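Chemist: coords please:
(chains A and B)
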Amino acid sequence: AQSVAQPEDQVNVAEGNPLTVKCTYSVSGNPYLFWYVQYPNRGLQFLLKYITGDNLVKGSYGFEAEFNKSQTSFHLKKPSALVSDSALYFCAVRDVGQAGTALIFGKGTTLSVSS
Amino acid sequence: TAGITQAPTSQILAAGRSMTLRCTQDMRHNAMYWYRQDLGLGLRLIHYSNTAGTTGKGEVPDGYSVSRANTDDFPLTLASAVPSQTSVYFCASSDSFGDEQFFGPGTRLTVL
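Modeler: I've put the predicted structure just below:
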């Protein structure tokens, strides 16, 4: 069965420091991987995706993610964190089973950036 | 462009009552989805529809039903609500390739 894991419930980082939010995946075949962000009382917003190609994927708001096939990881990164980056982040993998193009989400990681 | 709208924004419902959560998209996407979000569990797929006229069950379909009479609307119905259905419900849509899903603002449902 396909799955994603986000091993950290919360990540704390000081403004201006680099941040990493971790994600590992388990899929059969080639993975289609995504990162979404959720601000309080809002729906999810797409950040970036990995389908194929370069292992370093660039997305919205200065975020990027590194796909590592050998470690089955897709960690979200940003060189310099902003207080406004504080939010709930979800890693997801496309369900290539019966559910069409639906996504399987991790449990989420709360990112807290302090000033 | 509105994207995806959901109604109501929030609702308190007595156990045993029925309710329909509405979802409408204006992007002409073929695929639509219903997820529920619960603390510590992330988002879980309830039902999905790959195209108008077809629906399928997700990870947690029990107690819910959906219909897809046209491209734009994808209502979710709780026939007889139970307290365990207290959650935040998100509707989403995507094109047939599913590269990016667009989410509605959510409906916060409390079943007492």
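Chemist: where are the low-confidence patches of the chain?
Modeler: With no chain named, the answer covers chain A. Applying pLDDT under 70 to chain A picks out residues A:97-100.
Chemist: other chain: chain B
Modeler: Chain B contains residues with pLDDT under 70 at B:1, B:98.
Chemist: for the spatially most central residue of it, what are its contacts?
Modeler: Nearest to the geometric centre of chain B sits residue B:34, at 3.1 Å (C-alpha atoms, centre = their mean). Contact analysis of residue B:34 by C-beta atoms under 8 Å, 6 or more residues apart in numbering or on different chains lists B:21, B:23, B:45-48, B:58, B:64, B:66, B:74, B:76, B:89-92. (Glycine included, C-beta is placed from N, CA and C.)
Chemist: 10 Å - rerun?
Modeler: Residues near residue B:34 by C-beta atoms under 10 Å, 6 or more residues apart in numbering or on different chains: A:102, B:6, B:21, B:23, B:44-49, B:55, B:58, B:60-61, B:64, B:66, B:74-76, B:89-92, B:104.
Chemist: all strands of chain B, in order?
Modeler: Ranges of strands in chain B, per DSSP state E, are B:4-7, B:10-13, B:19-25, B:31-38, B:42-49, B:56-57, B:64-66, B:76-78, B:87-94, B:102-103, B:107-111.
Chemist: same check on chain A?
Modeler: Counting by DSSP E, the strands of chain A are A:3-5, A:10-14, A:19-21, A:24-26, A:33-38, A:44-50, A:56-58, A:64-68, A:73-78, A:87-94, A:103-105, A:109-114.
Chemist: name the residue of chain A that lies nearest to chain B.
Modeler: Residue nearest to chain B within chain A (C-beta to the nearest C-beta): residue A:101, separated by 2.5 Å.
Chemist: name the nearest residue to residue A:79, ignoring sequence neighbours.
Modeler: Using C-beta to C-beta, 6 or more residues apart in numbering or on different chains and skipping the chain neighbours, the partner closest in space to residue A:79 is residue A:18 (5.4 Å).
Chemist: residue contacts, the one you found?
Modeler: A:77, A:78, A:79, A:80, A:81.
Chemist: only the buried subset of the residues you listed, as a PyMOL command please.
Modeler: In PyMOL, this line selects whichever of those come out buried by 16 or more other C-beta atoms under 10 Å in any protein chain shown:
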select buried, chain A and resi 78+81
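Chemist: redo the contacts of residue A:18 as JSON lines? Include distance to residue A:4.
Modeler: Below are the contacts of residue A:18 laid out as JSON lines (distance: C-beta to C-beta, whole Å):
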{"residue": "A:77", "distance to residue A:4": "17"}
{"residue": "A:78", "distance to residue A:4": "20"}
{"residue": "A:79", "distance to residue A:4": "24"}
{"residue": "A:80", "distance to residue A:4": "26"}
{"residue": "A:81", "distance to residue A:4": "23"}
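Chemist: follow-up on the earlier one: how close does the residue of chain A closest to chain B get to residue A:32?
Modeler: Computed as C-beta to C-beta, to the nearest Å, the residue A:101 to residue A:32 distance reads 9 Å.
Chemist: find residues that contact each of those two.
Modeler: Common neighbours of residue A:101 and residue A:32, counting by C-beta under 10 Å, 6+ apart, are A:94, A:95, B:97, B:98, B:99.
Chemist: highest neighbour count among the residues you listed?
Modeler: residue A:94 (24 neighbours; other C-beta atoms under 10 Å in any protein chain shown).
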